[in-house]
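> 3D, please:
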Amino acid sequence: MASLLHPTDEPRPPPTPKGTLTDKGTQELLDKVEEEKRRAREEPGLSWRDWLYFSGFRWWSIIAFLVLDSWVAVEWISLGIYLAIAPSLLLAAYAEFLLYQVLWYRPELPLPRRRPGERFRPSWVRPVEVGRWTPEKALLDRGAVTGLPPDAIDPNEFL
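You can find the predicted model right below:
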């Protein structure tokens, strides 16, 4: 028992399991972290405002739509008018769909080409060409993306 409490051998460091950090491994890891930090400082990515509009509000709006739909259904149930639930939920769902399209519609790229002076025609399903809170709209607003030059060739003309 005494040998367990007071070992006679000199204390040895515990064996290092495979994959643990050594001095060389620690330095390599620190170099990788420093390189990653440097790249993050050079290209920070989206600002908080852009992230909030492009991604954050999208999920919160879906939750708000569910709350609104529940509120509409509960109001009709509390009034005892059960036949009005389905039409009012359909109307609310369509209004929510339009709002979602106006804010976050992202067309498939490449965008369809139009002739100079031709305007986008809204429809019942697609009220806007590009959603208001999308990266594409931000590029259009900043002038980073411009329309086609008037002498551009439309590939659809050859089909």
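> Contact partners for Leu89?
69, 72-73 (CB atoms under 8 Å, 6 or more residues apart in numbering). From N, CA and C alone the C-beta is placed, and that goes for glycine too.
> Give the buried residues for the helix or strand it falls within.
Here Leu89 sits within helix 85-104, counting by DSSP states H and E. Buried residues in helix 85-104, counted by 16 or more other CB atoms under 10 Å: 88-89, 92, 96, 98, 101, 103-104.
> Widest-spaced pair of those residues?
Ser88 and Trp104 (24.2 Å; CB to CB).
> which one of the buried residues of helix 85-104 sits closest to Lys24?
Of these, the one sitting nearest to Lys24 (CB to CB) turns out to be Trp104, at 49.0 Å.
> Could you check how far the closest one is from Arg119?
According to CB to CB, to the nearest Å, Trp104 and Arg119 sit 22 Å apart.
> before we move on, what about Thr134?
19 Å.
> Looking at the two, which is more packed in?
Shown here are Thr134 and Arg119; by other CB atoms under 10 Å, Thr134 has more neighbours (19 against 7).
> Can I get stretch 75-84 in PDB, CA atoms only?
In PDB, the C-alpha atoms belonging to stretch 75-84 read as follows (Å, rounded to 0.1, in the frame of the first residue of the first chain):
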ATOM      1  CA  GLU A  75     -60.000  34.100 -34.700                       C
ATOM      2  CA  TRP A  76     -62.400  32.300 -37.100                       C
ATOM      3  CA  ILE A  77     -62.600  29.300 -34.800                       C
ATOM      4  CA  SER A  78     -63.400  31.600 -31.800                       C
ATOM      5  CA  LEU A  79     -66.100  33.300 -33.800                       C
ATOM      6  CA  GLY A  80     -67.500  29.900 -34.800                       C
ATOM      7  CA  ILE A  81     -67.300  30.600 -38.500                       C
ATOM      8  CA  TYR A  82     -65.500  27.500 -39.700                       C
ATOM      9  CA  LEU A  83     -66.200  27.900 -43.500                       C
ATOM     10  CA  ALA A  84     -64.200  31.100 -43.600                       C
END
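> Sort out which residues of the helix ranked longest in the chain are buried, please.
Using DSSP state H, we find that the single longest helix of the chain is helix 57-79. If you call a residue buried by 16+ other CB under 10 Å, then helix 57-79 has these buried ones: 58, 61, 65, 72-73, 76.
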